[in-house]
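Asker: requesting a structural model of the entry that follows:
(chains A, B, C and D)
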Protein chains: 2
Amino acid sequence: MRLAELSTRSGVSTATIKYYLREGLLPPGRRVSATQAEYDEEHLERLRLVRALIQVGRVPIASARDVLTALEDDSLDHNSRLGTAVSALPHGPESAADDASTEAARHTVDALLDRLDWEYIQGHGADSPAYRMLVTAVGTLSRLGYPCAVEDLAPYARAGRQLAVSDLDLIERYDSPDEQLQAAVALTVLYEPVLLALRRIAQAEESNRRFGQGARE
Amino acid sequence: MRLAELSTRSGVSTATIKYYLREGLLPPGRRVSATQAEYDEEHLERLRLVRALIQVGRVPIASARDVLTALEDDSLDHNSRLGTAVSALPHGPESAADDASTEAARHTVDALLDRLDWEYIQGHGADSPAYRMLVTAVGTLSRLGYPCAVEDLAPYARAGRQLAVSDLDLIERYDSPDEQLQAAVALTVLYEPVLLALRRIAQAEESNRRFGQGARE
DNA sequence: CATGATTGGATAGTGCCACTCCCCAAGTGG
DNA sequence: CCACTTGGGGAGTGGCACTATCCAATCATG
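Answerer: Have a look, this model is predicted:
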């Protein structure tokens, strides 16, 4: 199909598709002539993934490119590609390393991981963006005076554990490594809003259960 | 304290604080003279909350103002203030209401809520931003061809339920309604990165458990 | 009292980012 | 043959979160 058809089928303007092509988010089409290129279903699929990453996952263009590049980097094995791809996903601002509360947060997080016996992350430690993201968030919480000791974090870690099992179950439904990789990225990003929305809904439920009724409200 | 001291104590530049004052994120200080204003600890606390919302929670300025305004709106009761404040938190882009996959997503979500017997949200339905956020996310997932039937969502809903219980437990540690409100907003927003980071770490753990070892990787 | 520094307020500008507009040369189809 | 379409590329746009600069009033100091 031509670029114009790719546009109508995906609902993304041709200008934006051309922009993505320029930015390397979408591989160039098969050149038919000097002014024509042919795109296929894979392009359409890829384009939808890109849109999902950017719009739903709020992934910056540059990060999205890194993610997608890692997915198809033949020089890496399956596991490394997955790790690289997920590492490239956004993980918020970093906190100053020398800050006192950051240091305390790091200590709390380490204690949590130790207690959970999550050895893989302990081995990789501060290399992991998710680890740093966690330290930053815990540091911010304590700086604001909110509780986030190990026992406060434990329920969230338990939930994270369950979620990861669900995620991996979903990913294992796919047979080919390529599909698994793509699914891992898509599901990691796209289930985030699902989870956050369900949490907020459940909060409203629980809040209503605990505080409501009182005044028919 | 003066604006300059507020700045050094919070680590936020005076220019930015002045910007927040202009935008109504921070109440004006007590005017001492035509060119001097006095700020107190409450201002400092509020400023830190604002920073947390904006930097960690990625809440847009305008939304942050709405949230904070709702928190101190004396015309509303406790529950309404909380609901309004949380509703003002960002919830991503909306999906077209007339779309076929959006319609299917709405159906799936309704079935899920029905099965969970979450009656509060069912009563309020599409009014809730979290509900619409969930429908959008589920619609996007299915548009990309990823599974998100009721039974696929159930584990995430279960996790959301547990999280909400933890959240409310944390909030109930505070005695005064005002503190509870502020804590609800701060914890809702600030535990999001904690949760997402823990999920990613747990994913890496679980992935390593299932796929690792094979090649010492 | 004189005077230079400081303060808070206002306005305009900056930098980033995700597009989006516009033009052009090469090709296509009636 | 020629109007139209296509893809490429550079420059422009709009939104947002600041940030730089200016100004008049006031404060601290000698």
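Asker: any idea which element residue A:63 lies in?
Answerer: Residue A:63 belongs to helix A:61-71 when elements are defined using DSSP states H and E.
Asker: quick one: that helix near DNA strand C?
Answerer: Yes - for helix A:61-71, a contact with DNA strand C is found by CB under 7 Å from any atom of the strand, at A:61-62. In short, each C-beta sits where N, CA and C put it, glycine included.
Asker: list the helices and strands whichever helix or strand comes after that helix packs on?
Answerer: Scanning forward in sequence from helix A:61-71, with DSSP H and E defining helices and strands, the next element found is helix A:78-88. Contacting helix A:78-88 under the criterion 3 or more CB pairs under 8 Å, 6 or more residues apart in numbering or on different chains; DSSP states H and E are the following elements: helix A:61-71, helix A:177-211, helix B:177-211.
Asker: picking up where we left off before, could I get the buried residue list for the helix holding residue A:63?
Answerer: For helix A:61-71, burial by neighbour count (16 or more other CB atoms under 10 Å in any protein chain shown) applies to A:63-68, A:70-71.
Asker: what's the answer for stretch A:12-19, then?
Answerer: Counting neighbours by 16+ other CB under 10 Å, the buried set in stretch A:12-19 is A:12, A:17.
Asker: so is it next to DNA strand D?
Answerer: Yes - in terms of CB under 7 Å from any atom of the strand, part of stretch A:12-19 sits within range of DNA strand D, namely A:14-15, A:18.
Asker: which other residues reach that stretch?
Answerer: Outside stretch A:12-19, the residues within contact range by CB atoms under 8 Å, 6 or more residues apart in numbering or on different chains are A:3-4, A:6-7, A:10, A:26, A:47, A:51.
Asker: among these, which are in strands?
Answerer: Taking DSSP state E as the definition of strands, those contribute nothing to them.
Asker: number of residues surrounding residue A:178?
Answerer: Using other CB atoms under 10 Å in any protein chain shown, residue A:178 has 13 neighbouring residues.
Asker: residue contacts, it?
Answerer: Contacts for residue A:178 were tallied using CB under 8 Å, 6+ apart; they are residue A:71.
Asker: ok, so what distance separates it from DNA strand D?
Answerer: Using CB to the nearest atom of the strand, to the nearest Å, one gets 25 Å for the distance from residue A:178 to DNA strand D.
Asker: can you check the pLDDT for that residue?
Answerer: Residue-level confidence at residue A:178 comes out at 84, pLDDT.
Asker: kindly report the same for residue A:214.
Answerer: With respect to pLDDT, residue A:214 has a value of 51.
Asker: right, and residue A:59 touches residue A:86 too?
Answerer: No - counting by CB atoms under 8 Å, residue A:59 does not reach residue A:86; the two are 11.5 Å apart.
Asker: please enumerate the shared neighbours of the two.
Answerer: Here residue A:59 and residue A:86 share the contacting residues residue A:67, scored by CB under 8 Å, 6+ apart.
Asker: burial measure for the closest residue to residue A:148 other than its chain neighbours, as a count.
Answerer: Nearest-residue entry for residue A:148: residue A:141, 4.3 Å, with adjacent residues in sequence omitted and distances by CB to CB, 6 or more residues apart in numbering or on different chains. Residue A:141: 25 surrounding residues under other CB under 10 Å.
Asker: what helix or strand is residue A:141 on?
Answerer: Taking DSSP H and E as the criterion, the element that holds residue A:141 is helix A:129-143.
Asker: ok, the residue nearest to the spatial centre of chain A - contacts?
Answerer: Residue closest to the average C-alpha location in chain A (CA atoms, centre = their mean): residue A:189, at 3.7 Å. By CB under 8 Å, 6+ apart, residue A:189 lies in contact with A:52-53, A:56-57, A:59, A:89.
Asker: out of these, the closest to residue A:119 would be?
Answerer: Relative to residue A:119, the closest of the contacts of residue A:189 is residue A:89; by CB to CB it sits at 22.8 Å.
Asker: any idea how many residues pack against that closest one?
Answerer: For residue A:89, the neighbour count with other CB under 10 Å is 21.
Asker: DNA strand C contacts on chain A?
Answerer: The interface of chain A toward DNA strand C, taken as CB under 7 Å from any atom of the strand, is made up of A:13, A:15-16, A:18-19, A:32-36, A:54-55, A:60-62.
Asker: and those residues, which two are furthest apart?
Answerer: By the measure CB to CB, those have their two most distant members at A:33 and A:60, which lie 34.3 Å apart.
Asker: which one of the two is surrounded by more residues?
Answerer: Neighbours of residue A:33 and residue A:60, each counted by other CB under 10 Å, are more numerous for residue A:60; the result is 12 against 7.
Asker: how about residue A:82, what does it touch?
Answerer: For residue A:82, the residues meeting the contact criterion (CB under 8 Å, 6+ apart) are A:180-181, A:184, B:207.
Asker: number of residues surrounding the residue lying closest to residue A:10 once chain neighbours are set aside?
Answerer: In space, residue A:10 comes closest to residue A:47 once its chain neighbours are excluded; the distance is 5.0 Å by CB to CB, 6+ apart. Using other CB under 10 Å, the number of residues around residue A:47 comes to 23.
Asker: and residue A:47, what pLDDT?
Answerer: pLDDT, residue A:47: 94.
Asker: tell me the contacts of it?
Answerer: Residues near residue A:47 by CB under 8 Å, 6+ apart: A:6, A:10, A:12, A:17, A:20, A:26.
Asker: for chain A, which helix or strand comes out least confident on mean pLDDT?
Answerer: Here the helix or strand of chain A ranked lowest by mean pLDDT, DSSP states H and E is helix A:119-124, holding a mean of 77.
Asker: which of the residues in that helix are buried?
Answerer: By neighbour count with 16+ other CB under 10 Å, helix A:119-124 contains the buried residues A:120-121.
Asker: that helix near chain B anywhere?
Answerer: Yes - against chain B, helix A:119-124 shows contacts by CB under 8 Å from any CB of the partner chain at A:119-121, A:124.
Asker: distance of residue A:5 relative to residue A:33?
Answerer: When distance is defined by CB to CB, to the nearest Å, residue A:5 is 17 Å away from residue A:33.
Asker: ah, wrong one, I meant residue A:139
Answerer: Here the distance between residue A:139 and residue A:33 works out to 57 Å (CB to CB).
Asker: residue A:196 too?
Answerer: In this structure, residue A:196 and residue A:33 are separated by 47 Å, where distance is defined by CB to CB.
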